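Participant: Predicted model and sequence below, questions to follow.
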Amino acid sequence: MTLFQISNILTIISSFCMGFLIWWKARDRQDALIWILLCISVGNWGIGALQVSYAKTEAVAFFWWQMIHIFAVIWTPIFYFHFVCSTFKLNRNKIIYFAYFSGFIFCILNVFANKLHLYAVTLRFNEFYWVDLTIYNNVFYYLLHFEIYFLFLAYAFYLFLKNYLITVGLRRNQLKYFLIGTGFGWIGAQGNYLLNFGFNIYPFTNFMVALYPIIIGYAIVRYRLLDIKIAITRAGTFIIVYTLILGFPFAIAIRQKAWFIELLGANWWMLPLGLMATLATVGPFLYIYVERKAEDRLLREQRRYQESLKQASVGMTRIRNLRKLLDLIAHIVTKTVRISYVAIYLHNEETDEYVLQVSRDKGRIPIPKITSDNPLVSWVMVKREPIIYEEIKRQMEDTNNETYRLLEENMRLLTASVVIPSFLEDRFIGFIVLGDKVSGQIYTPEDLNVFQVLASQAALAIENAQFYEEAKEMSDQIAQAEKMATIGTMADGLSHQINNRFYALSLIAGDTIDTIKLTDTSKCTPEVRQMIDDINHALERIQTNVIQGGQVVSGLLKYSRKGDSGFEPLELNSIIDNTLEMVQYKVKLSEIDIIRNFPADTPKIKGNMTQLIEVFFNFMDNAYDSIVERRTELKEERYRGKITFYAKPKDHGTLEIIVEDNGLGVKEEDLKKIFTPFFTTKISARKGTGLGLYVIKKIIVDGHKGRINFESRYKVGTRFIIELPLDK
C-alpha cells in the first residue's frame, strides 16, 4: 500500500466519521448541516482518489476522476462558501445561488469530459493516474474551474478573515478552529492541485486533507469547550499513530517482498498482515499514551490552576467571616485562572432577590441585584449546571427561541462568559459570574468541572460563615437586651432610692423656706433682704423640680412594670396622654405636631394600660427618630414633623387605630424585616436593640388578641394600623 492510498483511507475515515458525529450531535443547526455536506464531499474525494490509485488502466482512472469532479472537487469550495455565510449570518443569497448553479453546470460538463476534451490522465510516479490539464489546454474549462474553485474559495476566506478580525473575546478564539482547520485542508488540496499542471510533486499534502475534518468536526460538536491546541494535538496524534500502524507493515512488505516470498512462498503476505494485526491491537493504547503525554505538556498551566482551585475549595470552610470568604473566592478565581471579571451573587431570603456581594473589575459597573423570577435564575435552578454565553447565543441565533433571547440578554448585561450555579443540597444559594479569560482561551470541560466543585464547596463555606455571623450578631443583641431587661428589673429599687433622695431634698428645702418666713428681716440692709429673697426663690425652684423628678420616677416605674391590674376599659385619649407624659423626657415634643383625628366619643377598648403605653411609646419614639432623619437627610424647606392618630370602630367588635407620621419612612428592602427580632433601622448613638416592634406585635397579637399591620413609603412616611377589641 502506498502513502497516497494511506492518506486517502485516512481522509475517508476522518471525513465520514466527523460528518456522522456532527449529524448525531448538531444536525438541527444550518451551519452544521452544510459542514456535513462538505465532509461528504471530502470523503467522496478520498473514495475516488483511492479507486484511482488502484486503477490499472487509463480508462478506469479517467472514469473515477470524472466521479471525483462531479461528487467532490467542485462542491468543496461551494459548501465552504455557504458555510462561512451561514456561520456569520451574511446575506449573500444571490451569490450562493449562482455558486450552486455554476457547480451543476460544471458537473454536467464533466459527464462529457472525454468528448469535450476537458482534461486527460497520465501515469505519475509509476503508482497512479492523475489529471493532466496541459494536454488539451481547454481555456473555457480553465476559466470555469478557476471561477468556481478559486474565486469562491478566495471570497469565502476574505469574508471569514474580515469577520474574524472584528471579533473579540472567546468568539475570536473559537473561530481559530475554522481558520486553522480549513487552512490545513485547503493547503493540502492545493498541493495536490499542482499535479494537474505537470508539477511532479508527490501528494504528501493529501494527509493534511485528512487532518482538517477532525479539527473542524471537533470544533462544531464541542463548539464551546475545546481548546484549539488540543484539537490540533489530538488530530495530529491520530494521523501520526495510525499512519505508522497502517503504513509500516506495507512499507516493509513492499521493500522486503522478495525476501518474504523466499522465506514463506505463496503465503508471504501473512507476515505483514500479522504485523498489521498486532499493531492494530496496540494502536489504541499507543494513541492514548501519546495523546496523554502531549496534552500534559500543553495543559500544564491549566491543570496547575485547576489543582490550585481544588485545594482552595477544601480550605474555604475554615473561614468564618463572610465578607472575607467572598473576597477570597473572587481573588482566587481572578488571579489563579486569570479571568477578566468575577462577581458573586447570593440569595437574600427577606427580599427574595440575588444580591451582588463581591465583584472584581474596576472597569465594569455590575448589576446590583437580580430578581428570583429572572429567566437566568429560573434556568440554572432547573438545569443545575453552568450556563455558557456562546452556547446560549448560538441557540438564540439558530432557533429564535424567546427563552434563549432573554438568557442571552441577561448574560450580556452581566458581562458573563460563564455562570456557575451554587447549590447546597437542593437549595440554590447563588451563582458566580465569570468573564472572559485574559488569555482569550475558552473554558474547557475540566475547567467547568473544577468550578462546579468550587461552587459546591463555596456554598457550604458561605452557609457556615452566614450562620456564624448571624449567631454572633444574635448573641450581641441578646446580651444588649439582657442589659435592658436587667435595668428594667432594677427600676423598683432605683426608684425607691431616688424618691428617698427627692423626699430628703424636699424636706430640707421646705424647712429652710419656713425658717426664712419666720425670720424678721426688717432690720436688715436692702442688700441682705435681696439675698434672702433670692435664696427663698431658689429653694422654691428646688421644691418644684423635686416634685417633677418624682413624677418622672413614677412614670418610669409605671413603664417598667407590666401591669398587674389586668385588662380594663380604657379611653384612647387617656392612653395617648399617659404616653405623652412618658415620651416627653425622650422626645422634643415642641419640634413636632401631635394631631388627634378621632371623635371625642370614640368607644373604649379593653386592654392593659401599662402594656398599651409601651406600644404607643414605641410608635412615637420611632416616629420621632424617623422625622429627625428626614429633616437631616432631605433638608426640606418648611418641613415640620407630625404624628397623627386616627380611630374608628370596625364591624367585628374592634377599634381600628392608625398611628401615622411623615418621617423618612422605611426602604423597600427592609419592609419585610420590620417585625423581625433584633432588626433595627435606627442609626448612630440612638440605635436600638431591634426588639421594640417585635415586642409590640407580641403585645397586640398575643396579649390583646388584636391585629397589627404596617405600611411605609421611603421619604414619604409610615403608618401602623392596629385593631384592639372594644369593651363590651
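Facilitator: Cool, got the structure.
Participant: quick one: average confidence on stretch 97-104?
Facilitator: Stretch 97-104 comes out with an average pLDDT of 89.
Participant: contact partners of it?
Facilitator: Outside stretch 97-104, the residues that touch it by CB atoms under 8 Å, 6 or more residues apart in numbering are 74-75, 78, 81-82, 144, 147-148, 152. C-beta: built from backbone N, CA, C; applies to glycine.
Participant: ok, now with 10 Å
Facilitator: Residues from elsewhere that reach stretch 97-104 (CB atoms under 10 Å, 6 or more residues apart in numbering): 70, 74-75, 77-79, 81-82, 85, 92, 144, 147-148, 151-152, 155-156.
Participant: Make a PyMOL selection of whichever of the residues you listed turn out to be buried.
Facilitator: Per 16 or more other CB atoms under 10 Å, the buried members of the contacts of stretch 97-104 correspond to this PyMOL selection:
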select buried, resi 70+74+75+77+78+79+81+82+85+92+144+148+152+155+156
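Participant: from the contacts of stretch 97-104, which ones fall inside strands?
Facilitator: Among those, no member is found in strands (DSSP state E).
Participant: which stretches of the stretch 101-250 of the chain form helices?
Facilitator: Here the stretch 101-250 of the chain has its helices, by DSSP state H, counting those that start in this stretch, at 139-145, 152-165, 169-193, 206-221, 228-255.
Participant: how big is the angle separating the second one from helix 169-193?
Facilitator: Angle between the axes of helix 152-165 and helix 169-193 is 160 degrees (criterion: axes from the mean of the first three to the mean of the last three CA atoms, to 10 degrees).
Participant: So which elements touch helix 152-165?
Facilitator: Secondary structure elements in contact with helix 152-165, counted by 3 or more CB pairs under 10 Å, 6 or more residues apart in numbering; DSSP states H and E, are helix 75-87, helix 93-111, helix 169-193.
Participant: could you redo the last one with a cut-off of 8 Å?
Facilitator: helix 75-87, helix 169-193 (3 or more CB pairs under 8 Å, 6 or more residues apart in numbering; DSSP states H and E).
Participant: in it, what counts as buried?
Facilitator: 152-153, 155-157, 159-160, 163-164.
Participant: so which of the residues you listed comes closest to residue 341?
Facilitator: residue 164 (23.6 Å; CB to CB).
Participant: related to what we said a few turns ago, any chance of the buried residues of helix 152-165 in TSV, with distance to residue 569 too?
Facilitator: Formatted as TSV, these follow (distance: CB to CB, whole Å):
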residue	distance to residue 569
152	99
153	100
155	97
156	94
157	96
159	90
160	90
163	85
164	87
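Participant: comparing the helices of the stretch 101-250 of the chain, which gets the lowest mean pLDDT score?
Facilitator: Ranked by mean pLDDT, those end with helix 228-255 in last place, scoring a mean of 61.
Participant: and after that helix, which helix or strand comes next?
Facilitator: Tracing the chain past helix 228-255, the next element assigned as helix or strand by DSSP states H and E is helix 257-264.
Participant: buried residues in that next one?
Facilitator: Buried residues in helix 257-264, counted by 16+ other CB under 10 Å: residue 260.
Participant: Packing partners of that helix?
Facilitator: Using 3+ CB pairs under 8 Å, 6+ apart: helix 257-264 touches helix 270-298.
Participant: Next, find the distance separating the nearest residue to residue 201 once chain neighbours are set aside from residue 644.
Facilitator: Closest residue to residue 201 apart from its sequence neighbours, by CB to CB, 6 or more residues apart in numbering: residue 194 at 5.6 Å. Relative to residue 644, residue 194 is positioned 97 Å away (CB to CB, to the nearest Å).
Participant: Poorly predicted segments of the stretch 451-600 of the chain, please.
Facilitator: Low-confidence segments of the stretch 451-600 of the chain (pLDDT under 70): 466, 469-471, 473-497, 548-566.
Participant: Which one's more surrounded, residue 194 and residue 644?
Facilitator: A side-by-side neighbour count of residue 194 and residue 644, using other CB atoms under 10 Å, places residue 644 first with 18 against 13.
Participant: buried set for the helix or strand hosting the more buried one?
Facilitator: Using DSSP H and E, residue 644 falls within strand 641-649. Residues 641, 643-645, 647 are the ones in strand 641-649 that count as buried (16+ other CB under 10 Å).
Participant: State the helix or strand in which residue 411 lies.
Facilitator: Element membership for residue 411, per DSSP H and E: helix 402-413.
Participant: ditto for residue 520
Facilitator: Using DSSP H and E, residue 520 falls within no helix or strand.
Participant: How about the one 10 residues further on?
Facilitator: Take DSSP H and E as the rule and residue 530 turns out to sit in helix 526-560.
Participant: Could you spell out the sheet neighbours of the helix or strand just after that helix, each with its direction?
Facilitator: Downstream of helix 526-560, the first helix or strand assigned by DSSP H and E is strand 568-570. Paired neighbours of strand 568-570 in the sheet (DSSP bridges): strand 605-607 (antiparallel).
Participant: Please enumerate residues in contact with the partner strand?
Facilitator: The contact list for strand 605-607 (CB under 8 Å, 6+ apart) reads 567-570, 572, 655, 704, 724-728.
Participant: These: which two are farthest apart?
Facilitator: Greatest spatial distance among the contacts of strand 605-607 (CB to CB): 572 and 728, at 16.6 Å.
Participant: Those two: who's more crowded?
Facilitator: The residue with more neighbours, out of residue 572 and residue 728, is residue 572; 20 against 8, by other CB under 10 Å.
Participant: returning to what we had before: and the strand holding residue 644, which strands flank it?
Facilitator: Using DSSP bridges, the strands paired with strand 641-649 are strand 592-597 (parallel), strand 654-661 (antiparallel).
Participant: just so I know, which of those strands lies nearest residue 467?
Facilitator: With CB to CB as the criterion, residue 467 lies closest to strand 654-661 of the strands paired with strand 641-649, at 36.3 Å.
Participant: C-terminal to the closest one, which secondary structure element comes first?
Facilitator: According to DSSP H and E, the helix or strand after strand 654-661 is helix 692-697.
Participant: circling back: for the strands paired with strand 641-649, which one ends up most surrounded?
Facilitator: Counting by mean count of other CB atoms under 10 Å, strand 654-661 has the highest mean neighbour count of these, with a mean of 21.
Participant: any idea of the mean pLDDT for that strand?
Facilitator: Regarding strand 654-661, the rounded mean pLDDT is 94.
Participant: What are the contacting residues of that strand?
Facilitator: Under CB under 8 Å, 6+ apart, the answer for strand 654-661 is 572, 602-603, 605, 616, 619-620, 623, 626-627, 641-650, 706-707, 717-726.
Participant: go on, stretch 344-354?
Facilitator: Residues from elsewhere that reach stretch 344-354 (CB under 8 Å, 6+ apart): 326, 329-330, 355-359, 369-372, 374, 377, 428-433, 462, 669, 672-673.
Participant: With just CA atoms, put that stretch into PDB.
Facilitator: Taking C-alpha atoms only, stretch 344-354 is exported to PDB below (Å, rounded to 0.1, in the frame of the first residue of the first chain):
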ATOM      1  CA  ILE A 344     -20.700  36.700  43.300                       C
ATOM      2  CA  TYR A 345     -24.400  36.900  43.900                       C
ATOM      3  CA  LEU A 346     -26.100  35.400  47.000                       C
ATOM      4  CA  HIS A 347     -29.800  34.900  47.700                       C
ATOM      5  CA  ASN A 348     -31.500  37.300  50.100                       C
ATOM      6  CA  GLU A 349     -34.400  35.400  51.700                       C
ATOM      7  CA  GLU A 350     -36.100  38.500  53.000                       C
ATOM      8  CA  THR A 351     -36.400  40.200  49.600                       C
ATOM      9  CA  ASP A 352     -36.200  37.000  47.500                       C
ATOM     10  CA  GLU A 353     -33.500  38.500  45.300                       C
ATOM     11  CA  TYR A 354     -30.000  37.600  44.300                       C
END
